[in-house]
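> return a 3D structure for these sequence lines:
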Amino acid sequence: MLALPALEIMSPRRALAAAATPRFPMRMGFFYVPNGVNVEKWFIAEEGTKFTLSPTLEPLADIRGDIIFTSGLTHNQGRDLGDGGGEHPRETSSWLTAAHPRKNFGREVRAGISVDQFAAQKLGRQTRLPSLEIACEKPQPPGMCDAGYSGIYRNSISWRSDTTPVPHELNPRQVFLRMFRDTAQATDAQEEGRQTMLRKSVLDLILEDAKALGAKLGSDDRHKLDEYLHSVRAVEEQIQASEKFPAQPPPSGILAPDGIPAEATQHIRLMLDLTVLALQTDTTRIVSCMFANGGSDRTFQWLGVSESHHSMSHHERKPERLEGLLRADRFYADQFGYLVRKLKGIREGEGTLLDHTMLVYGGSLRDGNKHEHHDLPILIAGNGGGTFKTGRNIKFAPETPMANLFLSLLDRMGIHEPRFGDSNGMLKGLSA
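All right, here's what the predicted structure looks like:
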């Protein structure tokens, strides 16, 4: 069997179209960039539809009509709130959770469920993969601490629960094999069945042994064990979902990547190609992607920049650092533009795949030199099934919670909640 994208032939004939245009599933994706931006070169001065793109956002000129440019959104939970240093763990872990991470020198990690995983828990059974989490930079060592925060906080924007961060897959080949049948490893149905049985029996054994162990533990350890069992159960449910929606062979002519490309641009674009493929084949409808880790030290030699991203973000108003930061900002914006163009180029019914997708790009820091969490650099692409009016620059009221955007995205995914994180209502003005 081969999973097909929506084709024109699948739509009702115009002569019979007393009914509305066919409804396609809504998708959403989140694309994270750390460390803040060169503020003076990022933000757009004019509000509305008649505006001049800023120097940073010039690479998006040809698709400006497909994007909502914003200012005013805030992540209050990314601020220290009395915890002192540790901006980068907070910027990363708060971006999709709108929750303040716990700081206790690595003894326990705790933040909040992220919007992508909240949606996956509600809708994930409709697709083979409930969600897809990918990364484009090697993670920090998990044992490392940053100003008292566990290094884990800098490695994940997705959280399955307030104590369970979701690892992001770095290797494009592993992403590919999750999406499609691995013909190199499973050469016949009997071997594939044997591997499935083995995975089931291992999970059952883990669960039985863990439950037996729980009777011998104190309350704190039992709590940790319960969290562990929850994680194991989540894995089991993903395996069961995969059996309900069997892995498909890849489309003709598409081969598995060899591994992790050494060059950053190639790596990012390969991951974005896989994102497009996952959405196009309805393998998943929810994607989160980390272009880089929180506090990333990536260098951009191919842009003529030798200093690291993190170092440049602490620019101290030095012209050479601000120029390097501008080049890095433009680079990441251009990668996001690559994704938007790819989705826009795929027909789906009478529209495009982008028309039925909502993409959020940006981060939880404004100026990395000042560690500001207000007026965040956020872009929204895709028209949300016709519910977003794109091609505008919107200046939201100061201190508008970023979580209001999340609440609005969930609503368009068919998940109607009174609040998410620190939201105080839907984000108004998206469809105006």
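
> ok, the residue positioned nearest the centre of the chain - contacts?
Centrality entry for the chain: nearest residue to the mean C-alpha point is Ser288, 1.8 Å, by Cα atoms, centre = their mean. Going by Cβ atoms under 8 Å, 6 or more residues apart in numbering, Ser288 touches 29-30, 32, 96, 114, 116, 131-134, 157-158, 168. For every residue, glycine as well, the C-beta is placed using N, CA and C.

> mind redoing it with 6 Å?
Ser288 is in contact with Phe30, Asp116, Glu133, Ile157, Ser158, counting by Cβ atoms under 6 Å, 6 or more residues apart in numbering.

> what's the pLDDT at it?
With respect to pLDDT, Ser288 has a value of 98.

> bridged to it, which residues?
Phe30, Glu133 (DSSP bridges).

> which parts of the stretch 201-350 of the chain are helices?
For the stretch 201-350 of the chain, the helices defined by DSSP state H, counting those that start in this stretch occupy 219-244, 264-280, 309-313, 319-344.

> now the first one: mean pLDDT?
Averaging pLDDT along helix 219-244 gives 56.

> wait, isn't Arg27 in contact with Thr281?
No: Arg27 lies out of contact with Thr281 (Cβ atoms under 6 Å); the separation is 11.5 Å.

> okay, these two: which has more neighbours?
Legend: neighbour count by other Cβ atoms under 10 Å for Arg27 and Thr281, higher for Arg27 (26 against 19).

> tell me the contacts of that one?
Shown here is Arg27, whose contacts under the criterion Cβ under 6 Å, 6+ apart are Leu279, Arg285, Thr357.

> can you check the pLDDT for the first one?
When you say that, I think you mean Leu279. Reading off the model, Leu279 has pLDDT 94.

> next, count neighbours for it.
The number of residues packed near Leu279 is 28, by other Cβ under 10 Å.

> quick check: beta-bridge partners of Trp159?
Pro165.

> any idea how far Leu96 is from it?
7 Å (Cβ to Cβ, to the nearest Å).

> what residues does stretch 67-85 touch?
When contacts are defined by Cβ under 6 Å, 6+ apart, stretch 67-85 is touched by residues 43-44, 90-91, 94, 98-100, 103, 147, 364, 373-376, 378-381, 390, 392-400, 402, 422.

> mind running it again at 7 Å?
43-44, 57, 60, 90-91, 94-95, 98-100, 103, 147, 364, 373-376, 378-381, 388, 390, 392-402, 405, 422, 430 (Cβ atoms under 7 Å, 6 or more residues apart in numbering).

> got a list of what Leu365 touches?
Asn35, Gly36, Glu87, Glu91, His371, Glu372, His373.

> name the nearest residue to the last one, sequence neighbours excluded.
The shortest distance from His373 to any residue other than its chain neighbours is 4.1 Å, reached at Gly78 (Cβ to Cβ, 6 or more residues apart in numbering).

> the second one too?
Closest residue in space to Gly36, ignoring its immediate chain neighbours: Gly368 at 3.2 Å, by Cβ to Cβ, 6+ apart.

> neighbour-wise, give me the winner out of the contacts of Ser288.
Result: Ile157 is most packed of the contacts of Ser288 (other Cβ under 10 Å), 32 neighbours.

> wait, is it part of a helix?
No: counting by DSSP: H, G, I helix; E, B strand; the rest coil, Ile157 is located in no helix; its state is coil.

> and the gap between it and Phe105?
Note on Ile157: its distance to Phe105, by Cβ to Cβ, is 22 Å.

> so, low pLDDT: which residues of the chain?
1-22, 106, 142-144, 181-208, 210-211, 220-221, 223-249, 252-253, 432 (pLDDT under 70).

> could you chop it up by domain?
Split into domains by automatic domain parsing, the chain comes to 23-181+250-412, 183-246.

> in JSON lines, list these along with distance to Pro418.
Formatted as JSON lines, those follow (distance: least, Cβ to Cβ, whole Å):
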{"stretch": "domain 23-181+250-412", "distance to Pro418": "8"}
{"stretch": "domain 183-246", "distance to Pro418": "25"}
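
> closest to Met426 out of the ones you listed?
Comparison of the domains of the chain against Met426 by Cβ to Cβ identifies domain 23-181+250-412 as nearest, at 5.0 Å.

> how far off centre is that closest one?
6 Å (Cα atoms, centre = their mean, to the nearest Å).

> need the overlap of contacts for Trp159 and Leu96.
Ser114.

> I'd say Arg90 and Pro101 touch.
Yes: using Cβ atoms under 7 Å, Arg90 is in contact with Pro101, at 6.0 Å.

> give me the more crowded residue out of these two.
Between Arg90 and Pro101, Arg90 has the larger neighbour count (other Cβ under 10 Å), namely 31 against 26.

> for His168, see how far away the residue lying closest to the more buried one once chain neighbours are set aside is.
Residue nearest to Arg90 in three dimensions, not counting chain neighbours: Gly78, with 4.8 Å by Cβ to Cβ, 6+ apart. For Gly78, the distance to His168 equals 19 Å [Cβ to Cβ].

> compare these two (neighbour count), which wins?
Using other Cβ under 10 Å, the more surrounded residue of Gly78 and His168 is Gly78, with 30 against 21.

> just the strands in the protein please.
Remark: strands assigned in the chain by DSSP state E are 27-32, 67-74, 132-135, 145-146, 149-150, 159-161, 164-165, 286-290, 347-348, 351-352, 357-362, 378-381, 392-401.

> was I right to think Lys138 contacts His168?
No: if you go by Cβ under 7 Å, Lys138 and His168 don't touch, sitting 10.8 Å apart.

> wait, Asp422 touches Met402, no?
No: taking contacts as Cβ under 7 Å, Asp422 lies outside contact range of Met402: 8.7 Å.

> mind listing what the residue nearest to Asp162 when sequence neighbours are not counted touches?
Nearest residue to Asp162, sequence neighbours excluded (Cβ to Cβ, 6+ apart): Gly112, at 4.9 Å. Listed by Cβ under 7 Å, 6+ apart, the contact partners of Gly112 are Thr97, Ala98, Ala99, Trp159, Asp162, Gly421.

> apply 10 Å and report the result again.
Residues counted as contacts of Gly112 (Cβ atoms under 10 Å, 6 or more residues apart in numbering) are 77, 93-94, 96-101, 118, 159, 161-163, 420-422.

> what count of nearby residues applies to the closest residue to Gln117 other than its chain neighbours?
Once flanking residues are discounted, Gln117 sits nearest to Arg160: 5.0 Å by Cβ to Cβ, 6+ apart. The local packing count at Arg160 equals 22, with neighbours defined by other Cβ under 10 Å.

> use 49 as the first number from now on
All set: I'll call the first residue 49, so the last point we hit is now Arg208.
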